[in-house]
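> Pasting the sequence and the predicted coordinates here, then a few questions.
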Amino acid sequence: MKDSHDDTLLAEVAALLESSEHDGHPLHDALQRLYRHHCEQRGQMQRLIEISDRYQLLAMEARQVTQQRYERTLRRQQKLSRISDGYQALIQERNQALHQASTHDPLTELPNRRLIGERLESLVEARRRFTLALLDIDHFKAINDRHGHDVGDRVLVALTQVLSESLREYDLCARWGGEEFLLLLVDTDRSEAHTIVERLRLRLAEVCIRSEDQTISVTVSAGLSQHQPGDPHEVTVKRADQALLEAKRAGRDRSLTDTP
Ligand SMILES: Nc1nc2c(ncn2[C@@H]2O[C@H](COP(=O)(O)OP(=O)(O)OP(=O)(O)O)[C@@H](O)[C@H]2O)c(=O)[nH]1
């Protein structure tokens, strides 16, 4: 609006200056110089405005590009961090699974020899009192032969459940071998352990597994050994094994302790 007003005024002045009618007028030269000076100023102003507009446009485009680049980088970093989180969780899961697999028996999920070995080692180092009981299922081969290996596995799992439920929380039951379990009874002497194991044996004898139309139950023999301070734990296990052998020889379905 203002520009068109200026344009009209300038056109008017230009027409007046061009008209021969005003030649020789005392203001003619001064007005012409003023007119030219104004036109130059106006041209410069327009060029400045164009430069400024172009600059603002470029600055806006640069801002947009930077913003887009920033958002792209941010998205990429968020994606990377999600991948890294997932990867770390996976590694942690795998480590836990590996640790579980290296310290537990897959069938019964009981601690394995390695784990109970470590526990025994630390008890020996701490000079703690404990008794070990080695439990062995009687005539387990016959169960497998008669009913199949799967039924044998079910017997092992069912006995494990009773053992795990019956022990005190600071005791430990490990799967020592095929049909052998090692019980670690902490702060317990041979005679207390014998009472505990006899009670356990009764419970184990009550476990019934159904296979087709038959009910299967088993008896368990056990050998107990009280740890002697200064002995390595392997010696205590050996003595429990010896007592177990004697329980088997004596007719099975019983528990015997090592001699004090
Ligand atoms: N089902 C099953 N059987 C197993 C597993 N580990 C070992 N066994 C079996 O356990 C049986 C052990 O047999 P033996 O060592 O002869 O002992 P037993 O028949 O129990 O006889 P005694 O110990 O002398 O009373 C073998 O038949 C093994 O195959 C297992 O994980 N699952």
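Yep, that arrived. Numbers count the residues shown, from 1 in each chain.

> Give me the below-cutoff pLDDT ranges for this protein.
Segments of the chain classed as low confidence (criterion: pLDDT under 70) are 1-2.

> Show me what the helix ranked longest in it is packed against.
Secondary structure assigned by DSSP state H gives helix 28-103 as the longest helix of the chain. Applying 3 or more CB pairs under 8 Å, 6 or more residues apart in numbering; DSSP states H and E, one finds that helix 28-103 contacts helix 2-18, helix 113-125. Yep, even glycine has a C-beta here, placed from its N, CA and C like the rest.

> Okay, angle between that helix and helix 113-125 too, please.
Counting by axes from the mean of the first three to the mean of the last three CA atoms, to 10 degrees, helix 28-103 lies at 80 degrees to helix 113-125.

> now helix 28-103 against helix 2-18, angle please.
150 degrees.

> hmm, back to that, pick the most buried one from the helices and strands packed on helix 28-103.
helix 113-125 (a mean of 16; mean count of other CB atoms under 10 Å).

> And that one, what does it pack against?
Using 3+ CB pairs under 8 Å, 6+ apart, helix 113-125 is in contact with helix 28-103, strand 130-137, strand 172-177, strand 180-186, helix 233-249.

> Throw those into a markdown table and include mean neighbour count, thanks.
Putting the helices and strands packed on helix 113-125 into a markdown table (neighbours: other CB atoms under 10 Å) gives the following:
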| stretch | mean neighbour count |
| --- | --- |
| helix 28-103 | 11 |
| strand 130-137 | 25 |
| strand 172-177 | 21 |
| strand 180-186 | 22 |
| helix 233-249 | 19 |
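
> tell me the contacts of Gly148?
Residues in contact with Gly148 (CB atoms under 8 Å, 6 or more residues apart in numbering) are Ser211.

> how about stretch 186-196: buried residues?
Thr188, Arg190, Ala193, His194, Ile196 (16 or more other CB atoms under 10 Å).

> can you list the residues of this structure near the ligand?
Contact residues (CB under 6 Å from any ligand atom) of the chain with the ligand: 107, 136-142, 144, 149, 152-153, 156, 178-179, 248, 252.

> any idea which of the buried residues of stretch 186-196 is closest to His37?
Minimum separation from His37 among the buried residues of stretch 186-196 (CB to CB) is found for Thr188, which lies at 113.9 Å.

> so how far is the ligand from the closest one?
Counting by CB to the nearest ligand atom, to the nearest Å, the gap from Thr188 to the ligand is 25 Å.

> just Ala222 next, same as before
For Ala222, the distance to the ligand - CB to the nearest ligand atom - is 12 Å.

> Nearest residue to that residue in space, ignoring adjacent ones along the chain?
Of all residues not flanking Ala222 in the chain, Ser255 sits nearest, at 3.6 Å (CB to CB, 6 or more residues apart in numbering).

> so who does that neighbour touch?
Residues counted as contacts of Ser255 (CB under 8 Å, 6+ apart) are Ala133, His194, Val197, Glu198, Arg201, Ser221, Ala222, Gly223, Leu224, Ala247.

> Can you check my assumption that Leu256 lies in a helix?
No. Using DSSP: H, G, I helix; E, B strand; the rest coil, the secondary structure at Leu256 is strand, not a helix.

> bridging residues for it?
Gly223 (DSSP bridges).

> isn't it right up against Ala243?
Yes. Under the criterion of CB atoms under 8 Å, Leu256 makes contact with Ala243 at 4.8 Å.

> what residues are shared contacts of these two?
Ala222, Gly223, Leu224.

> Which of these sits closest to Ala174?
Ala222 (14.2 Å).

> quick revisit: turn the helices and strands packed on helix 28-103 into JSON lines, including distance to Val207.
Output for these, formatted as JSON lines (distance: least, CB to CB, whole Å):
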{"stretch": "helix 2-18", "distance to Val207": "103"}
{"stretch": "helix 113-125", "distance to Val207": "22"}
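
> Relative to Ile51, which of those is closest?
Using CB to CB, those put helix 2-18 closest to Ile51, at 18.0 Å.
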